[in-house]
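S.K.: test case, fold it:
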Amino acid sequence: MARYIGPKTKIARKFGEAIYGDDKYFDRRKYSPGQHGSSKRRKSVSDYGVQLKEKQKAKYTYGLLERQFRNTFKKASRKEGVTGENLLQALESRLDNVVYRMGIAKTRTQARQFVGHKHILVNGDIVNIPSFQVRPGDEVEVRERSKSMDPIQEAIAGSNNDFAWIQFDTKVMKGKLLELPAREDIPENINEQLIVELYSK
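M.R.: Residues are numbered from 1 along each chain as shown. Model (predicted):
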């Protein structure tokens, strides 16, 4: 499936925050990209524009394409509970995101690559589908022959992710999804209610 492979700093500047993590280039130029990006004058944005921007931010943050994101929202809306929170929980429980949250990868893009290249096991079986939904109680680990890989070693050594809903043992490179995260446990700066309002039109 196609993925956005363009300049990430440009996308981060578009939303006014480093959605892909630490970025020294974003820190230098936090204004919008383009010829008039640094101008103080701004056009007023409609409610639809605000909602659309929030959806785009969530989509780029988690690395989904439009159809995939819409399908994820549809599934979230059919579940019991608050639709916005269901959506974020579905995004957070994707295998590539769980691998990222455990600290096995430095970025979600890298996590997606590890999954696609069959370096990750779920409950002892190889799973190479980044969108695979990890359920509470599922064990996620690095494949034995992949544990010595430099990118994985470096990511785990530099990781400081600590989430109450995830358990991870850096020595054996194995962890477990304890439960779906509550909204307050998800650090992403996303207003999910705006996304719900957008799709409810």
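S.K.: average pLDDT for the longest helix along the chain?
M.R.: The residue-count maximum for a helix in the chain (DSSP state H) belongs to helix 47-62. Looking at helix 47-62 alone, the average pLDDT works out to 93.
S.K.: mind giving me the packing neighbours of that helix?
M.R.: Counting contacts by 3 or more Cβ pairs under 8 Å, 6 or more residues apart in numbering; DSSP states H and E, helix 47-62 packs against helix 8-15, helix 66-78, helix 192-199. (Glycine included, C-beta is placed from N, CA and C.)
S.K.: where do the strands of this protein begin and end?
M.R.: 120-122, 125-126, 139-142, 166-169, 174-177 (DSSP state E).
S.K.: for Lys201, which of these is the nearest?
M.R.: Lys201 sits nearest to strand 174-177 of all the strands of the chain, at 33.3 Å, using Cβ to Cβ.
S.K.: for that closest one, which strands pair with it and how are they oriented?
M.R.: Applying DSSP bridges to the sheet, strand 174-177 is found paired with strand 139-142 (antiparallel), strand 166-169 (antiparallel).
S.K.: related to what we said a few turns ago, and the angle for the longest helix of the chain with helix 192-199?
M.R.: 120 degrees (axes from the mean of the first three to the mean of the last three Cα atoms, to 10 degrees).
S.K.: what are the buried residues along helix 47-62?
M.R.: In terms of neighbour count (16 or more other Cβ atoms under 10 Å), helix 47-62 has its buried residues at 51, 53-62.
S.K.: as TSV, these with distance to Lys147 would be great.
M.R.: Formatted as TSV, the buried residues of helix 47-62 follow (distance: Cβ to Cβ, whole Å):
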residue	distance to Lys147
Gln51	43
Lys53	41
Glu54	39
Lys55	38
Gln56	37
Lys57	34
Ala58	32
Lys59	32
Tyr60	31
Thr61	28
Tyr62	26
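S.K.: of those, which pair is most distant in space?
M.R.: Gln51 and Tyr62, at 17.3 Å, using Cβ to Cβ across the buried residues of helix 47-62.
S.K.: can you tell me how far the nearest residue in space to Leu91 that is not next to it in sequence sits from Phe163?
M.R.: Using Cβ to Cβ, 6 or more residues apart in numbering and skipping the chain neighbours, the partner closest in space to Leu91 is Tyr62 (4.8 Å). Using Cβ to Cβ, to the nearest Å, we find Tyr62 at a distance of 16 Å from Phe163.
S.K.: quickly list the domain ranges of this protein.
M.R.: 8-90+188-199, 94-179 (automatic domain parsing).
S.K.: ok now the shortest one, how far from the chain's centre?
M.R.: It stands for domain 94-179. Relative to its parent chain, domain 94-179 has a centroid offset of 13 Å by Cα atoms, centre = their mean, to the nearest Å.
S.K.: end to end, how far does it reach?
M.R.: 13 Å (Cα to Cα, to the nearest Å).
S.K.: count the residues that sit near Leu180.
M.R.: 17 (other Cβ atoms under 10 Å).
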